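> 3D model of this:
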Amino acid sequence: MVSSGVGDPRCQILIVMGKTDPSLPRHQQQSQILVPRDTKGITVEKMLPVFGYDDAPHGHAQVLLQDVRVPASNILLGEGRGFEIAQGRLGPGRIHHCMRTIGKAEEALEKMVKRLSSRTAFGRKIIEYSIWEQRIAEARTDIEMNRLLCLKAADMMDKVGNKSAQLEIAMIKVAGAEYGAEDHRPRHPGVRWGGVSDEAGLARDYASMRTMRLADGPDEVHNRAIARLELRKYANSPTTH
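From the prediction side, this is the model:
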């Protein structure tokens, strides 16, 4: 299996999720159990790089569990509640990454503006070419749109709970991750305009942001949730032709 954080020297407990009763409804088949890190049969086979970057010892590792035994009392909440626990974590989880992405976007925009103001091309400062004014404006607009959507989702989570805020949570999960790793149009302030080498730290930021579109559920899952919530609003509305 692949585990996050198992290589960290502070890691003392593993949370293992596995199928305990295939005969139950799908959302009740999984359980989570606590396994002490020093239990016999646990082998960290190797640390895994992410997009070429080595995060050892704190990142992800390939772990072998062979004849590992712990008391049944180590099961969290009770048998069959693994999916429930996972959803409690994954539901609002990626919003924290979105917050950090907004911060990284601010940092990248600052680096871009300072570089544009200090470099010259063809006898003029790069910032004096109008195309860069457009790109700076687009970057600032994108950052603020994502910031406000993230703020709305967080505010709703605090005031009405995660379940009632699931639409806003899903939207910022998609929008924040897509914006942070945007490479299909020239609006991302860090990667397209700030350089892709490790000198500015932007290449690693981009690699980290790209993983967001997979972490805590891929974009397709969240888009499906958004669509279903939207369709639900009009489920009983009369149709027009």
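
> in the protein, which spans are strands?
Counting by DSSP state E, the chain has strands at residues 2-4, 13-19, 30-36, 42-48, 60-65, 120-121, 124-125.

> List the backbone torsions phi and psi for Val70.
phi -140, psi 160 (degrees, to the nearest 10).

> for the closest residue to it other than its chain neighbours, which residues make a bridge with it?
In space, and not counting its chain neighbours, Val70 is closest to Val35: 5.3 Å by CB to CB, 6 or more residues apart in numbering. Glycine gets a C-beta too; all of them are placed from N, C-alpha and C. Per DSSP bridges, the residues bridged to Val35 are Leu14.

> Val35: what's it in contact with?
Val35 makes contacts with 13-16, 42, 65, 68, 70, 74, as judged by CB atoms under 8 Å, 6 or more residues apart in numbering.

> okay, the strands of the chain, which one's buried deepest?
strand 30-36 (a mean of 18; mean count of other CB atoms under 10 Å).

> just for this structure, where's the confidence low?
For the chain, the stretches flagged by pLDDT under 70 are 91, 180-197, 216, 237-241.

> Show me the residue at the heart of it, geometrically.
Nearest to the centroid of the C-alpha atoms of the chain, with distances taken as CA atoms, centre = their mean, sits Met212, at 3.3 Å.

> Wait, it touches Met99, no?
No. Using CB atoms under 8 Å, Met212 is not in contact with Met99, being 11.4 Å away.

> so Tyr45 touches Val63, yeah?
Check again: residue 45 is Glu, not Tyr. Yes. Counting by CB under 8 Å, Glu45 touches Val63, with 6.7 Å between them.

> hang on, the earlier thing: any chance of the strands of the chain in JSON lines, with distance to Glu84 too?
Putting the strands of the chain into JSON lines (distance: least, CB to CB, whole Å) gives the following:
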{"stretch": "strand 2-4", "distance to Glu84": "20"}
{"stretch": "strand 13-19", "distance to Glu84": "11"}
{"stretch": "strand 30-36", "distance to Glu84": "9"}
{"stretch": "strand 42-48", "distance to Glu84": "25"}
{"stretch": "strand 60-65", "distance to Glu84": "23"}
{"stretch": "strand 120-121", "distance to Glu84": "57"}
{"stretch": "strand 124-125", "distance to Glu84": "57"}
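
> I appreciate the help and will end here.
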